[in-house]
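Visitor: Here is my input; please provide its structure:
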Amino acid sequence: MEVEWHGLRLKPSPAVLELDSADGRSTPAWKGPLELSAWDCFFVVLAIVSIGLDILSDCYVAYAHALNERITMMWLSIVFIVVPAWVSTLVSLLMILQDRQNNVKMQWTWRWITLFHIFPLVLVPRYVNSLSFGLKSQQKSRPKLARQVLYYRMLWEDYDAAYLRLIEAFLEACPQLLVQSVFIFRSYSELRDESSYFFLHIAIPLALSLFSLAHAVVCYKRSLRISQNEKRMTCSGSITLLLSQICLISSRVIVLTLFIIEVPVPIILGALIARIFFNMTWLYMFLEFFHVDSKVESFVLRGVLSVMYLFTYVDFSHGNSGKRHLVHHIATVIDCGALLTLYYIYAYHVNVYCIVAAICLYPLGLMLLVFYYCKCHPTSMSDGVHVVHVEQSL
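Guide: Modelled structure (predicted):
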């Protein structure tokens, strides 16, 4: 199956446009095996649950700040809930318009679609559709071509959901994670005597945001591989990659938090702009988006990735991924060293424990990442490669 694109979104195969007529088609929508394990279903359900918990925890944090008369923190929490929800809603509406242009039939009525877009739940119907199509594709009573169409639609919906979730995670979970971390460090003397308040109102929502962000990266990588008829990530690979992302993001957030709370604002802005400019430069040198035709869209995409790469690395292109990983992580290690040096210069009291944690977590994340690529990354047919030729006579 050759993959076509709408920008960064997969374009639907013609076979998904008329599901009822799939029996008469000679070309299947999906040329791989119709595999759907309990782990795949669990991963979809986990995504839905984590989205709900992340939204509820952020709302609860805003409510807790309001009760304690921390008005600035309350409004910051609200902004980082509402603005990403608006952006996700806008992107989701653009996807719906593309679906209508391609005559793709919606699975939900307009009443439900409107309801999901009024509330920040645009990901829920896509994940529910993906799970529904996947379960239907496993029904042996259906014709094989119909099952292939259903399986393709499952992958297509799952990719859309993973793509939307990645955008929302970096717009919502990243700022929330950084803001709450800065708040903890600046208010630690007040919070350390209120352990129940700290764990219930701060630590648990912080952990949920971290998990949501790492999980969004893993979901995108899993979905992109399967939807392009490539190598499927195993259960052990997904868990290893998830732990790696948690360590890498945690280390980066700790370094940025220490840097922000002690260093003057002009130096903070200068350092962040310099890193974003470096990211833009190496993205133009090492990363080519063959499926993005517009120069404006390509520039905007690289700008978004440059900000995203302040926290972690997400690969959107094929080939030379090892070189891109190497450049990114070497640059990040140098950047972290420079930020910690500035923190040490400007800080009145150096937080040794946090520095040690940041220094230990990043190498641990890199070791887990190397272990994933050496032991858990699928590289052969026995590991689940999905490039399978379909018989001519079905």
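
Visitor: and stretch 170-178, how far out from the chain's middle?
Guide: 12 Å (Cα atoms, centre = their mean, to the nearest Å).

Visitor: do stretch 70-85 as well
Guide: Mean-position distance between stretch 70-85 and its chain equals 21 Å (Cα atoms, centre = their mean).

Visitor: CA atoms only for it, dumped as CSV, please.
Guide: The C-alpha trace of stretch 70-85 is given here as CSV (Å, rounded to 0.1, in the frame of the first residue of the first chain):
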residue,chain,number,x,y,z
ARG,A,70,-3.0,31.9,43.7
ILE,A,71,-4.7,33.8,41.0
THR,A,72,-1.8,34.0,38.6
MET,A,73,-1.2,30.3,38.7
MET,A,74,-4.9,29.7,38.3
TRP,A,75,-5.1,31.7,35.1
LEU,A,76,-2.0,30.2,33.7
SER,A,77,-3.5,26.7,34.3
ILE,A,78,-6.7,27.8,32.6
VAL,A,79,-4.9,29.3,29.6
PHE,A,80,-2.9,26.1,29.1
ILE,A,81,-6.1,24.1,29.2
VAL,A,82,-8.2,26.3,26.9
VAL,A,83,-5.7,27.4,24.2
PRO,A,84,-4.5,23.8,23.3
ALA,A,85,-8.1,22.7,23.3
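
Visitor: Give the residue spans of the stretch 51-200 of the chain that score low on pLDDT.
Guide: 99-110, 117, 120, 188-200 (pLDDT under 70).

Visitor: swap that for the stretch 251-394 of the chain, sorry
Guide: Along the stretch 251-394 of the chain, segments meeting pLDDT under 70 span 287-294, 297, 316-320, 377-394.

Visitor: can you pull the buried residues of stretch 342-361?
Guide: When burial is assessed from 16 or more other Cβ atoms under 10 Å, stretch 342-361 yields the following buried residues: 342, 343, 347, 351, 354, 355, 358, 359, 361. Glycine gets a C-beta too; all of them are placed from N, C-alpha and C.

Visitor: Also stretch 142-150?
Guide: Result for stretch 142-150 [16+ other Cβ under 10 Å]: buried residues 142, 145, 146, 147, 148, 149, 150.

Visitor: and the fourth one, how far is that from residue 140?
Guide: Between residue 147 and residue 140 the distance is 8 Å, computed by Cβ to Cβ, to the nearest Å.

Visitor: Check the third one too.
Guide: Here the distance between residue 146 and residue 140 works out to 11 Å (Cβ to Cβ).

Visitor: Give the full set of residues in contact with the closest residue to residue 78 other than its chain neighbours.
Guide: Spatial nearest neighbour of residue 78, chain neighbours left out: residue 62 (5.3 Å); criterion: Cβ to Cβ, 6 or more residues apart in numbering. By Cβ atoms under 8 Å, 6 or more residues apart in numbering, residue 62 lies in contact with 74, 77, 78, 81.

Visitor: circling back to that earlier point, the buried residues of stretch 142-150 into a markdown table, with extra columns for distance to residue 264 and secondary structure?
Guide: Shown next, in a markdown table, are the buried residues of stretch 142-150 (distance: Cβ to Cβ, whole Å; DSSP: H, G, I helix; E, B strand; the rest coil):
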| residue | distance to residue 264 | secondary structure |
| --- | --- | --- |
| 142 | 65 | coil |
| 145 | 65 | helix |
| 146 | 64 | helix |
| 147 | 62 | helix |
| 148 | 60 | helix |
| 149 | 59 | helix |
| 150 | 58 | helix |
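
Visitor: so after the strand or helix carrying residue 56, what's the next helix or strand?
Guide: Counting by DSSP states H and E, the element that carries residue 56 is helix 38-67. Going down the chain from helix 38-67, the next helix or strand is helix 71-101, by DSSP H and E.

Visitor: from what I can see residue 275 touches residue 310, true?
Guide: Yes. With contacts counted by Cβ atoms under 8 Å, residue 275 reaches residue 310, the gap being 6.4 Å.

Visitor: Give me the domain ranges for this protein.
Guide: The chain breaks down by automatic domain parsing into domains covering 7-24+32-232, 233-380.
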